[in-house]
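Engineer: Kindly generate the corresponding structure for this input.
(2 chains)
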2 protein chains.
Amino acid sequence: MIRTQGVTGPQGFRAAGVAAGIKESGALDLALVVNDGPNDAAAAVFTTNQVKAAPVLWSQQVIKERRLTAVVLNSGGANACTGPEGFQDTHATAEKVGEALATGAGEVAVCSTGLIGERLPMDRLLPGVDAAVAELAGTEAAGLAAATAVMTTDSHPKQSWTRHPDGWSVGGFVKGAGMLAPNMATMLSVITTDAVISGDALDAALRHAVTRTFDRLDVDGGTSTNDTVIVLSSGASGIEPEADDFAELLTAVAGDLVKQLQGDAEGATKEISVTVMGARTEADAVTVGKTVAEDNLVKTALFGSDPNWGRVAMAVGRSAAEVDPDRLGITINGVTLFADGHKAADRSEADLSGRDISIVVELGLGEGSATVLTTDLSHGYVEENSAYSS
Amino acid sequence: MIRTQGVTGPQGFRAAGVAAGIKESGALDLALVVNDGPNDAAAAVFTTNQVKAAPVLWSQQVIKERRLTAVVLNSGGANACTGPEGFQDTHATAEKVGEALATGAGEVAVCSTGLIGERLPMDRLLPGVDAAVAELAGTEAAGLAAATAVMTTDSHPKQSWTRHPDGWSVGGFVKGAGMLAPNMATMLSVITTDAVISGDALDAALRHAVTRTFDRLDVDGGTSTNDTVIVLSSGASGIEPEADDFAELLTAVAGDLVKQLQGDAEGATKEISVTVMGARTEADAVTVGKTVAEDNLVKTALFGSDPNWGRVAMAVGRSAAEVDPDRLGITINGVTLFADGHKAADRSEADLSGRDISIVVELGLGEGSATVLTTDLSHGYVEENSAYSS
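Structural biologist: Sure thing, here's the model as predicted:
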């Protein structure tokens, strides 16, 4: 994995990131990613929240053809809960990009992130589109500018790029720092590939990847109004990979982006993996993993470096999946503290002083397993989320 | 509502609270409530957690006859995840109480609260039972001692007592400070009445009351291994109330106890009510209310006195209940900030500087409504729960 390259790693893509003035700080706030082809296959996955931002409603429509020429993204405003007027703003943004690139608005997806409920300053955003088009380039720097322009409370841009030995590659960027949740949240990601692949195959590969990566990061259970992952294929490598090979590399890049999201989650002092084994089904393993990952009492104990397995047992027991307390086992950072219904070792034997914490829950009921990533619940989380309107 | 009286308010009950030495601090840690009759009808509701503590497993068995002579409760240890040995400890405790009161162990319910995974110090607990029996009294002071002996991180004992004009009354105590959750959590409550009522009628009234009170307090989504609410009827007033009258007063007392739990939740700086109106069903209203109440981004915003209705809209939208964003309305502390899919007022118009916060969510879909109580997510919550092993 190379983290200094993202959407411009694969051939056939240009990107830009500019300061349009949407953020009062003057920071970069408008990103554009353009697919120069020869192909224009695309796929996307959106938030499951019933309150969807205007750009999500727009992009859900345009992605139906599984073809996109460009994605335009802004930070500094979510354009959610803004009514028909907000939808018009999104439409106007796509029209503007379409005109500037000599394509149709129906080939342009739109993403937004920031505060809910406020209209976007279109008088600044639309000129920003012109500025972004003028700066479009296929360089590493241009990809980095785009990855930077989507940031909100992220502390750094997050990119990943990997080449397959056969000569095609997958790259992308992601933003997201809080509200990271079951089935994604205030999380935007654009992923590009120069592999030759159809829209339908791209869609299948994306759903495979998202289920195993973005959907298994769960910082605080929040699922935003704006979550979007879009993948674009230029086909510029001229190589058509096997479907399994493509899905595997796409999942690897998505997994690396998610790992970076976890590491940069608001206020996190611990990076926690919750692995559930021996569940009746993989779905049960995910259910148990997410219940543990979202539990505030588990998360505060881990912030305090306390291997409080009793709280883990409590969270496991309240999950909707089948659990048998007499078969339950809990291992934290390699030390089995609870096994077969009994305390197995003193909690003091598990050392949680470092940043990485591994929790393994053994259910003893079947073959289902899954790993969910999360972070601790810290003073920093409370501070950032009580002081920052987002 | 009188809050200086609890289980000894109704006639026919004695109580005690002693320091058995289960807590290292030397504080009161063993409580006993005895029903002197003439009746011994009883009912109980327990945690829905699949990992149930030994005292829950015991009490679930003995309550099947809907008759109890006594309830013995300890703080300083949950006796959960302690295997068959832990269950034996609970059994021995009930036997001891039964002997001392010249009744059967099968007439004695047991409740425990404290750290999960450790065996109880039976060499101190059993002599504590003798001490408690010796101190049993029907006085206000004895009821207060019992209410105090069940406390863990509670800052004060919580009692409530109310008389019906017809001459019978309902009283009780509750403990619980964190892990307060959907369907109850680290929460123990004993409620008494001198009304004449059958075990079956008592059970029906208790389920009615719990559904509308304990189940609608949701501090952090945690549901403990030990949650128990027990109600005992002595019949000592000689008065048999109408079923509806009894259910109403029981619900009022339970509601007053829950209000005290909310006010004393770990680290809380805000007491928040989330009222959902216009839902398709009452169940949908509860689902939406709990999703908002458990949302860490909503809770941190309210800690910061920020009327961030966008986060409320996000939480409403991710709930499992049906929501139509175009009909959604959000009112905070009396100011409608969002209505019919649009911002309705600037958030600065809602003043959240006080301790009490009221959120009203209007779904515009039907007649279902419900109110869920919660608290904010504060530095104090993080501090208490990262430093205190429970």
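
Engineer: Mind jotting down where the helices sit in chain A?
Structural biologist: A:54-62, A:83-101, A:122-135, A:140-149, A:199-212, A:243-263, A:282-294, A:296-303, A:309-318, A:379-387 (DSSP state H).

Engineer: Dump the ones you listed to TSV, plus mean pLDDT.
Structural biologist: Compiled in TSV, these are given as follows (pLDDT from 0 to 100):
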stretch	mean pLDDT
helix A:54-62	98
helix A:83-101	97
helix A:122-135	98
helix A:140-149	98
helix A:199-212	96
helix A:243-263	95
helix A:282-294	95
helix A:296-303	91
helix A:309-318	93
helix A:379-387	81
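
Engineer: Format these as CSV; extra columns: mean neighbour count.
Structural biologist: Yep, even glycine has a C-beta here, placed from its N, CA and C like the rest. Formatted as CSV, these follow (neighbours: other Cβ atoms under 10 Å in any protein chain shown):
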stretch, mean neighbour count
helix A:54-62, 22
helix A:83-101, 19
helix A:122-135, 18
helix A:140-149, 24
helix A:199-212, 20
helix A:243-263, 20
helix A:282-294, 23
helix A:296-303, 27
helix A:309-318, 28
helix A:379-387, 20
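
Engineer: For these, please prepare JSON lines with the additional fields distance to A:Glu362.
Structural biologist: Compiled in JSON lines, these are given as follows (distance: least, Cβ to Cβ, whole Å):
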{"stretch": "helix A:54-62", "distance to A:Glu362": "39"}
{"stretch": "helix A:83-101", "distance to A:Glu362": "47"}
{"stretch": "helix A:122-135", "distance to A:Glu362": "51"}
{"stretch": "helix A:140-149", "distance to A:Glu362": "39"}
{"stretch": "helix A:199-212", "distance to A:Glu362": "21"}
{"stretch": "helix A:243-263", "distance to A:Glu362": "23"}
{"stretch": "helix A:282-294", "distance to A:Glu362": "11"}
{"stretch": "helix A:296-303", "distance to A:Glu362": "17"}
{"stretch": "helix A:309-318", "distance to A:Glu362": "10"}
{"stretch": "helix A:379-387", "distance to A:Glu362": "29"}
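
Engineer: looking at these, which is closest to B:Gly263?
Structural biologist: Smallest distance to B:Gly263 across the helices of chain A (Cβ to Cβ): 19.1 Å, for helix A:296-303.

Engineer: what helices or strands is the closest one leaning on?
Structural biologist: Helices and strands touching helix A:296-303, by 3 or more Cβ pairs under 8 Å, 6 or more residues apart in numbering or on different chains; DSSP states H and E, are helix A:309-318, helix B:379-387.

Engineer: now those helices in JSON lines, with distance to B:Met277?
Structural biologist: Output for the helices and strands packed on helix A:296-303, formatted as JSON lines (distance: least, Cβ to Cβ, whole Å):
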{"stretch": "helix A:309-318", "distance to B:Met277": "28"}
{"stretch": "helix B:379-387", "distance to B:Met277": "28"}
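
Engineer: closest to B:Thr139 out of those helices?
Structural biologist: helix B:379-387 (32.8 Å).

Engineer: do you know how far A:Gly9 is from chain B?
Structural biologist: 33 Å (Cβ to the nearest Cβ, to the nearest Å).

Engineer: okay but that residue is in contact with A:Met1, surely?
Structural biologist: No. Using Cβ atoms under 8 Å, A:Gly9 and A:Met1 do not qualify as a contacting pair, with a distance of 10.9 Å.

Engineer: Find residues that contact each of those two.
Structural biologist: With contacts taken as Cβ atoms under 8 Å, 6 or more residues apart in numbering or on different chains, A:Gly9 and A:Met1 have A:Trp161 as neighbours in common.

Engineer: who has more neighbours, those two?
Structural biologist: A:Gly9 (25 against 14; other Cβ atoms under 10 Å in any protein chain shown).

Engineer: list the contacts for that one?
Structural biologist: A:2, A:143, A:161, A:163, A:169-171, A:192.

Engineer: what about burial for these, which qualify?
Structural biologist: Using 16 or more other Cβ atoms under 10 Å in any protein chain shown as the burial test, the contacts of A:Gly9 include A:143, A:161, A:163, A:169-171, A:192 as buried.
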